[in-house]
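*Asks:* need a 3D model of the following:
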Amino acid sequence: MEHTLTAENTHSHGHNEGTGRIWKVFWILSALTIIELALGYFLYFKGEGMGHAGILTTKLAIAALTLLKAYYIVSVFMHLGDENRNMIMTICVPLVLFVWFIIAFLWDGGSWKEMRNTNAGSKPSIENVQPAPVKHDSKP
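*Replies:* Predicted coordinates:
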């Protein structure tokens with residue numbers, strides 16, 4: 001039995017259904033962007049009085065909203081949400097490992113830099129060393 005592609009079986013959704021999905025995602029992404037911008041402006045103008053915990057919480061919220069936006073973009077506009085689970089895992093697992101590698105290498109590089117600046121931790125860092133007092137002779 002021969003299978004031929006026709007206009008009816010090439011698209012899984014009707015025109016209006018696909019357009020409605022795109023508009024729904026558009027409004028979700030717009031709302032997330034507005035919330036991110038509001039948090040960013042709040043952090044910029046009121047961040048000094050929030051304390052370290054408040055600033056960190058706001059930055060984590062912005063990062064979480066950014067990841068949520070990335071999920072929607074990849075899922076809908078790159079059609080990854082319509083794929084089967086194995087295809088999604090084939091793309092997502094290496095991506096997560098790649099991001100983890102970048103974070104690990106940056107962390108290790110910062111540690112190596114700090115150890116190098118302090119002779120492997122055996123002497124204080126360059127920033128913490130106080131200059132020796134200068135003796136002034138009173139002889140002419």
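
*Asks:* model confidence for E8, exactly?
*Replies:* With respect to pLDDT, E8 scores 46.

*Asks:* now the residue nearest in space to the middle of the chain: how far from I103?
*Replies:* Residue closest to the average C-alpha location in the chain (CA atoms, centre = their mean): A63, at 5.5 Å. Distance from A63 to I103, counting by CB to CB, to the nearest Å: 13 Å. All C-beta spots, glycine's among them, are computed from the backbone N, C-alpha and C.

*Asks:* equivalent analysis for I28, please.
*Replies:* 28 Å.

*Asks:* can you pull the domain assignment for this protein?
*Replies:* Structural domains assigned to the chain are 12-82, 84-119, following automatic domain parsing.

*Asks:* name the helix or strand of the chain that has the lowest mean pLDDT.
*Replies:* Lowest mean confidence among the helices and strands of the chain (mean pLDDT, DSSP states H and E): helix 7-10, at a mean of 46.

*Asks:* for the chain, give me the ranges with low pLDDT.
*Replies:* 1-15, 116-130, 138-140 (pLDDT under 70).

*Asks:* try it again at 80.
*Replies:* Counting by pLDDT under 80, the chain contains low-confidence residues at 1-18, 47, 113-140.
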